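Peer 1: Starting from these lines, generate the structure:
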Amino acid sequence: MKIFIKNMVSIRCQMIVDLELEKLDLHCTQLEMGTADIREVVSNGQIAQIRIALLQLGLELIDNKKSILIEKIKAVVIEMVHYSGSQLKMNFSNYLSEKLNFDYTYLANIFSEDQGITIEHFIIQNKIQRIKELIGYNELNLTQISWMLHYSSVAHLSTQFKKVTGITPSHFKQLEHKSLIAL
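Peer 2: Below is the predicted model:
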């Protein structure tokens, strides 16, 4: 049985879901961002237990098609921004359409209607968050980060970063070090 889980956005979330399901004597055959395939037949009582366990973790079991599709969109974006090291061979709208087997306009409309922001804005928010993480790790320079996150240039990354955060990536890097020194 496949279950769909809202807010399951990281490998750590996957590990926690797997542990919680094992506590309920259920076993995953496949675990991905936002979904878990459970080997056993799951009763209504077990579904209720899963729902309660997930809520305690800040996750949510979802069962309506619209919410499932929105979570799938989020999972594709998060996977692309946070876990993909390779450049896309096509633009993101085509990639998303192909991955989810829906027309991009339909996906964009449903996402905007439910989330109050566009898919593009959601992508930008995730990219900015990822840039902050990578700057904090201090392992890559801005050129490497811009390439990794599919920006056309460092200038484009910097402009977008400043537009969203109000400061430049360089200024953010300085702030990060000041807060570390204060600790």
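Peer 1: domains of this structure?
Peer 2: The chain breaks down by automatic domain parsing into domains covering 2-63, 67-182.
Peer 1: Can you give the distance of the last one from its chain's centre?
Peer 2: Spelled out, it's domain 67-182. Put simply, domain 67-182 sits 9 Å off its chain's centre (CA atoms, centre = their mean, to the nearest Å).
Peer 1: Kindly provide the whole-number mean pLDDT of it.
Peer 2: When pLDDT is averaged over domain 67-182, the result is 89.
Peer 1: need the helices for the protein, in chain order.
Peer 2: Ranges of helices in the chain, per DSSP state H, are 11-23, 44-56, 65-78, 92-100, 104-115, 119-137, 142-148, 154-165, 169-182.
Peer 1: now I73: how far from M90?
Peer 2: Counting by CB to CB, to the nearest Å, the separation of I73 from M90 is 17 Å. (Each C-beta comes from the backbone N, C-alpha and C, glycine too.)
Peer 1: Look at the two and report which has more neighbours.
Peer 2: Neighbour comparison, I73 and M90: the larger count goes to I73, with 23 against 10 (by other CB atoms under 10 Å).
Peer 1: residues touching that one, list them.
Peer 2: I73 makes contact with L96, L100, L107, F111, I119 under the criterion CB atoms under 8 Å, 6 or more residues apart in numbering.
Peer 1: The residue most central in space within the chain: what's it in contact with?
Peer 2: Nearest to the mean C-alpha position of the chain, by CA atoms, centre = their mean, lies I78 at 2.8 Å. Counting by CB under 8 Å, 6+ apart, I78 touches V9, S10, M33, N126.
Peer 1: run the last query once more with 10 Å
Peer 2: M8, V9, S10, M33, G34, S84, F122, I123, N126, Q129, R130 (CB atoms under 10 Å, 6 or more residues apart in numbering).
Peer 1: do the same with L61
Peer 2: Going by CB under 10 Å, 6+ apart, L61 touches 3-6, 36, 47-48, 50-55.
Peer 1: The closest residue to it other than its chain neighbours and A75: what is the separation?
Peer 2: In this structure, L61 finds its nearest non-sequential neighbour in R51, 4.5 Å apart by CB to CB, 6 or more residues apart in numbering. Distance of R51 to A75, given as CB to CB: 20 Å.
Peer 1: and Q174, how many residues sit next to it?
Peer 2: That count, for Q174 with other CB under 10 Å as the rule, works out to 12.
Peer 1: Cool, thanks, signing off.
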